[in-house]
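# let's see this in three dimensions:
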Amino acid sequence: LLMAVAMVIFFPFMLNNINFSENVQSDTETVQYMSERKISLNIPFIFYTSIPEDFDKVNEEFTQLVETKLGFSANLIALLSSGRTATATMMENEGTVFDLFPSALGAPFTDEANLMELDSLLQTDGKNILALFSEEELSSPNLRKNGKLLRLPNKVDNAECACVVMRTDLLEEYGITQKASSIQELDQILTNIAQSEKERSLIAPSRLDRSFLNRYYTWIPVGNAGFVIMNYGRSEMVELLYETEEYREMVSLFYRWKQNGWVPDIAFLNEFPASDLVKAQELVGYFCHYKPGIDTQESMKCGYDMEAWVLTDSVLTSNQPASTWAISKQSKYPKEAMQLLNLMYTDKEAMNLLNYGIEGRNYKVSETGNAVPVSAQEETLYYSALGWELPNQYLCVPWGDDPFDIWEETQRFNETAQRPESLDFVFRPDGYETELLAMNSIIEEYAFGLETGNLNPSEYLPIFLEELQEAGSERVKKVVNEQYQNWRKKAR
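Modelled structure (predicted):
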């Protein structure tokens, strides 16, 4: 089976083609002056499968773009998700400064204490970014600290609903013509597939180091100790997820799937994406978050046409942007870092290059205006499948069979998703830190095994709940509900 290998590849990263007359001087004298200063920025970028084969050639294009448009250099440091923290820490200890980075880099680099304030930089070198967002969009709590802007939100899909993607050719072979619209219908279809499929696993989480509930849920979280508001945040009470009937039914289902041999045996131990197993012809389908164009995205990752089945309602599960970009306090060149972000957020050629590679080599633009492989018989050699990590995915031309208005469709998906009022509720855990710490330790011991089908819920769920109660879950649930009811009265 496939192995996840952490690797680091350096390549010059730069983008182009926007009028920066107000924000970035790009005349010959300025470019020459900045080149003489030998400014170079480091930008980590996180990948979840492998580094595309044509990165070196794409690097050359980036280098030309940056020197032409901004007059300084930038290295994109590619990190595989597994092991990225250890690798980035080692690099930092050896003197590398990450000047700007996506939130996917993770802690400790993305901690608020390590981020530069952006308000004044936006006014001088990021005015084009300001034009993309409303004041409300830049006021989200996870973007600011004490009123100061520390992060910029990505232009991506923000709503969520659970789906599975399945190999289209295998569905045709099995005679499956109806899409599942619930997890119960999915279970029935898997039962039917199992009668014919004897070589492959049938279903897996999105990544093999995650649980099924990482991409399937009908609740919104309250804090980080298993408390939730059920029914997509519309319930009148806060509950402990593990005590709900829905949780018991879900983990019982996952356990039966595992006992039937439908879930990969390696899922409990490995970290690589389920798409790698599909590509290796070892898996039929897997869970993921739905968004417009998800079938195209996952087809590119898997090397097979994939069909998406939506299983839950679309909902906003957080009032805070999930993906952001920031500038490090350690950067010696914050002005240039903001100029680069300004370019990345507003330049179509830059985003297409980063997402699809070199036009004419890695992709071509079809008569319909979509990006497609240069040759149907050859692999593209470059496709990041990380549009969500880009500052502005909306600038990319649609890929493959995606509709020409894919980004308008994505915007409608965001705008029409349910937004429960309970998203604004914040639990104040003061005085209950000891109980919460003990609860989280117990959750780490049992939840993953139950939610991957590796632990029998008939045996382990009662033990799990008993230990949570001994840790004080009832006391915490009582105070959470008191705060929630008081909040609901004021919200009315």
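# please name the nearest non-neighbouring residue to the residue positioned nearest the centre of the chain.
Centroid-nearest residue in the chain, with Cα atoms, centre = their mean: Trp388, separated by 6.4 Å. In space, Trp388 comes closest to Val156 once its chain neighbours are excluded; the distance is 4.8 Å by Cβ to Cβ, 6 or more residues apart in numbering. In short, each C-beta sits where N, CA and C put it, glycine included.
# same check, this time on Cys161
Ser314 (4.2 Å).
# how about the one you found, phi and psi?
Per-residue torsions, Ser314: phi -80, psi 140 (degrees, to the nearest 10).
# roughly how far apart are it and Gln418?
Between Ser314 and Gln418 the distance is 7 Å, computed by Cβ to Cβ, to the nearest Å.
# please say which of those two ends up with more neighbours.
More neighbours surround Ser314 than the other of Ser314 and Gln418, with 18 against 14 (other Cβ atoms under 10 Å).
# distance-wise, check the more buried one relative to Tyr382.
According to Cβ to Cβ, Ser314 and Tyr382 sit 31 Å apart.
# now do Asp401
Taking Cβ to Cβ as the measure, Asp401 falls 19 Å from Tyr382.
# out of those two, which sits in the more crowded spot?
Taking other Cβ under 10 Å, Asp401 and Tyr382 do not tie; Tyr382 has more neighbours (21 against 13).
# burial count for the closest residue to the more buried one other than its chain neighbours?
Spatial nearest neighbour of Tyr382, chain neighbours left out: Gly357 (3.2 Å); criterion: Cβ to Cβ, 6+ apart. Look at Gly357: counted by other Cβ under 10 Å, it has 25 neighbours.
# distance of Gly357 relative to Trp257?
For Gly357, the distance to Trp257 - Cβ to Cβ - is 38 Å.
# cool, Pro334 as well?
50 Å.
# and for Glu435?
33 Å.
# neighbour count: those two, which is higher?
The residue with more neighbours, out of Glu435 and Trp257, is Trp257; 23 against 19, by other Cβ under 10 Å.
# can you name every helix or strand that the host helix or strand of the more buried one contacts?
In the assignment (DSSP states H and E), Trp257 maps to helix 245-259. Judged by 3 or more Cβ pairs under 8 Å, 6 or more residues apart in numbering; DSSP states H and E, helix 245-259 is in contact with helix 183-194, helix 433-451, helix 457-471.
# so which of these gets nearest Thr89?
Among those, helix 433-451 comes nearest to Thr89, with 22.7 Å by Cβ to Cβ.
# buried set for that closest one?
For helix 433-451, the neighbour count (16 or more other Cβ atoms under 10 Å) marks 435-436, 438-440, 442-443, 446-451 as buried.
# among those, which one lies nearest to Glu367?
Using Cβ to Cβ, the buried residues of helix 433-451 come closest to Glu367 at Glu451, 46.3 Å.
# nearest residue to that closest one other than its sequence neighbours?
Of all residues not flanking Glu451 in the chain, Ser211 sits nearest, at 3.3 Å (Cβ to Cβ, 6+ apart).
# contacts only, for the one you found.
For Ser211, the contacting residues are Pro205, Ala447, Phe448, Glu451, Thr452, by Cβ atoms under 8 Å, 6 or more residues apart in numbering.
# same deal with Ala204?
Val263, Pro264, Ala267, Ala274, Leu277, Leu283, Gly285, Tyr286, Phe287.
# per-residue pLDDT of it, please?
Looking at Ala204, its pLDDT is 96.
# so what's it bridging to?
Tyr286 (DSSP bridges).
# how close does it get to Glu92?
34 Å.
# OK, contacts around the closest residue to Leu149 other than its chain neighbours?
Ranked by Cβ to Cβ, 6+ apart and with sequence neighbours excluded, the top spatial neighbour of Leu149 is Leu118, at 4.6 Å. Residues near Leu118 by Cβ under 8 Å, 6+ apart: Gly126, Lys148, Leu149, Leu150, Arg151, Leu152, Ala326, Ile327, Met338.
# recalculate using a threshold of 7 Å.
Leu149, Leu150, Leu152, Ile327 (Cβ atoms under 7 Å, 6 or more residues apart in numbering).
# correct me, but the second one touches Asn114?
When you say that, I think you mean Leu150. No. Shown here, Leu150 and Asn114 do not form a contact pair, counting by Cβ atoms under 7 Å, at 9.4 Å.
# and for Asn158, the neighbour number?
Asn158: 22 neighbours (other Cβ under 10 Å).
# how much space between the spatially closest residue to Ala274 that is not a sequence neighbour and Ile294?
Nearest residue to Ala274 in three dimensions, chain neighbours excluded: Tyr286, at 3.6 Å (Cβ to Cβ, 6+ apart). Look at Tyr286 and Ile294: by Cβ to Cβ, they are 12 Å apart.
# and for the two, which residues touch both?
Joint contacts of Tyr286 and Ile294 (Cβ under 7 Å, 6+ apart) are Val165.
# between the two, which has more neighbouring residues?
It is Tyr286, of Tyr286 and Ile294, that has more neighbours when counted by other Cβ under 10 Å, with 28 against 17.
# grab the nearest non-local neighbour of Lys145.
Glu112 (4.9 Å).
# so Lys145 versus Asp402, what's the distance?
Taken as Cβ to Cβ, the span from Lys145 to Asp402 is 37 Å.
# sorry, slip of the keys, the one I care about is Asn59.
27 Å.
# same question for Lys332.
In terms of Cβ to Cβ, Lys332 sits 41 Å off from Asp402.
# more crowded one of the two?
Counted by other Cβ under 10 Å, Lys332 and Asp402 do not tie: Asp402 has more neighbours, with 20 against 12.
# now do the more buried one, the pLDDT please.
Asp402 is given a pLDDT of 88.
# quick one: low-confidence parts of the stretch 201-350 of the chain?
For the stretch 201-350 of the chain, the stretches with pLDDT under 70 are 267-271, 318-319.
# give the buried residues for stretch 120-136.
Buried residues in stretch 120-136 (16+ other Cβ under 10 Å): Leu121, Leu122, Asp125, Gly126, Asn128, Ile129, Leu132, Phe133.
# so the fourth one touches Leu341, yeah?
The reference is to Gly126. Yes. The criterion here is Cβ under 7 Å, and Gly126 meets it with Leu341 at 6.3 Å.
# pretty sure Ile43 sits in a strand.
Yes. Using DSSP: H, G, I helix; E, B strand; the rest coil, the assignment for Ile43 is a strand.
# the nearest residue to it once chain neighbours are set aside: which element?
Nearest residue to Ile43, sequence neighbours excluded (Cβ to Cβ, 6+ apart): Leu76, at 5.0 Å. Counting by DSSP H and E, the element that carries Leu76 is strand 73-80.
# pairing partners for that strand, with directions?
Strand 73-80 is paired, per DSSP bridges, with strand 8-12 (antiparallel), strand 40-47 (parallel).
# ok, residues contacting stretch 436-445?
Contacts for stretch 436-445 (Cβ under 7 Å, 6+ apart): Asn224, Ala225, Gly226, Pro429, Glu467, Leu468, Ala471, Gly472, Ser473, Val476.
# among those residues, which pair sits farthest apart?
Among the contacts of stretch 436-445, Pro429 and Glu467 lie farthest apart (Cβ to Cβ), at 19.5 Å.
# can you list the low-confidence ranges for the stretch 351-492 of the chain?
376-380, 383-385.
# do you know how far Phe55 is from Thr89?
Taking Cβ to Cβ, one finds Phe55 at 23 Å from Thr89.
# out of the two, which sits in the busier spot?
It is Phe55, of Phe55 and Thr89, that has more neighbours when counted by other Cβ under 10 Å, with 19 against 12.
# for that one, report the pLDDT, please.
For Phe55, the model assigns a pLDDT of 82.
# and Leu118, by the same measure?
For Leu118, the pLDDT comes out at 97.
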